[in-house]
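Engineer: build me a model:
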Amino acid sequence: MPMKLYVGDVLLLRKEHPCGSAEWLVTRTGMDFRIKCQGCGHSVMIPRVKLEKDIKKVIKSMGEIKETENEG
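Structural biologist: As a prediction, the model looks like this:
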């Protein structure tokens, strides 16, 4: 079962980007994800399977906001 990730989520990945930041913003979802480095702004496309293995922690999830809007 794939992880529930949404556009706007901020992820902490296991490896740091060469700029020194390990935080990434999700800007596109699907089979491939586009993530943007929060340190330098560099954007990369990465397959869902690889991204899910590299995630250490979801720092901020937009899914929590969307799920509460749907409830009420």
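
Engineer: what's M62 in contact with, if anything?
Structural biologist: Going by CB atoms under 8 Å, 6 or more residues apart in numbering, M62 touches Y6, V7, G8, D9. In this view, the C-beta of every residue, glycine as well, is placed from N, C-alpha and C.

Engineer: which of those residues has the most neighbours?
Structural biologist: Counting neighbours by other CB atoms under 10 Å, D9 leads the contacts of M62 with 23 neighbours.

Engineer: surely that one and I55 touch.
Structural biologist: No. Applying CB atoms under 8 Å as the test, D9 and I55 come out as separate, 9.8 Å apart.

Engineer: about what we covered before: identify the farthest-apart pair in the contacts of M62.
Structural biologist: With CB to CB as the measure, no two of the contacts of M62 lie farther apart than V7 and D9, at 7.4 Å.

Engineer: overlap in contacts, these two.
Structural biologist: Both V7 and D9 are in contact with V26, M62, where contact means CB under 8 Å, 6+ apart.

Engineer: do I have it right that L11 meets I35?
Structural biologist: Yes. Taking CB under 8 Å as the definition, L11 is a contact partner of I35 at 7.1 Å.
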